[in-house]
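**Student:** No sequence on hand, only this structure:
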């Protein structure tokens, strides 16, 4: 059994849209690969005025794997520290992202393929799905 976490733009579970900025999305959809049930939790990290960082929130939920569009080198290192594997290239709906992962179509994020030179904390708010 694996527990997946996908950054989400809303609270509609598998029907919702993958958020491309994992640290600043309003919600995370959690998906249990055994029961195929999904739950939605709020992003209460410091990025949204709360406390802690997204990897800490996911670790507290016993997440094994996060699926997202892409992320920076520093974030990849943080997830590694929490023992959470990250797969990049997720787009479309949460269901699409899970299906792509199950079909081995997503790439495992490593410090080599993360956004080079983009690992610092930054404050821009535009949505993007690629390194820039």
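**Tutor:** Done, it's in. Treat the numbers as computed from the prediction; the structure is a model and nothing was measured. Residues are numbered from 1 along each chain as shown.
**Student:** Residue 91 and residue 85, how far apart?
**Tutor:** According to CB to CB, to the nearest Å, residue 91 stands 19 Å off from residue 85. From N, CA and C alone the C-beta is placed, and that goes for glycine too.
**Student:** hmm, I was thinking of residue 40
**Tutor:** Per CB to CB, residue 40 is found 21 Å from residue 85.
**Student:** Comparing those two, which residue is more hemmed in?
**Tutor:** Using other CB atoms under 10 Å, the more surrounded residue of residue 40 and residue 85 is residue 40, with 18 against 15.
**Student:** tell me which residues in the helix-or-strand element of the chain with minimal mean pLDDT are buried?
**Tutor:** Within the chain, no helix or strand scores below helix 73-81, which has a mean of 91 by mean pLDDT, DSSP states H and E. Neighbour-count burial for helix 73-81 flags 73, 75-76, 78-79 (criterion: 16 or more other CB atoms under 10 Å).
**Student:** doesn't residue 17 make contact with residue 10?
**Tutor:** Yes. Counting by CB atoms under 8 Å, residue 10 touches residue 17, with 7.0 Å between them.
**Student:** quick one, which of these two is more surrounded?
**Tutor:** For residue 10 versus residue 17, the count of surrounding residues by other CB under 10 Å is larger for residue 17: 18 against 15.
**Student:** What lies in contact with the one helix or strand residue 66 maps to?
**Tutor:** Take DSSP states H and E as the rule and residue 66 turns out to sit in strand 65-68. Contacts with strand 65-68, where a contact means CB atoms under 8 Å, 6 or more residues apart in numbering, come from 2-7, 18-20, 22, 58, 79, 84-88, 90, 97-98, 100-101, 106.
**Student:** Quick check: chain neighbours aside, which residue is closest to residue 5?
**Tutor:** Among residues not flanking residue 5 along the chain, residue 63 sits closest, at 4.3 Å (CB to CB, 6 or more residues apart in numbering).
**Student:** quick one, what contacts the one you found?
**Tutor:** Contacts for residue 63 (CB under 8 Å, 6+ apart) come out as 3-5, 30, 84.
**Student:** Farthest pair within these?
**Tutor:** 30 and 84 (12.3 Å; CB to CB).
**Student:** Now the common contact residues for those two.
**Tutor:** Counting by CB under 8 Å, 6+ apart, the contacts common to residue 30 and residue 84 are 5, 63.
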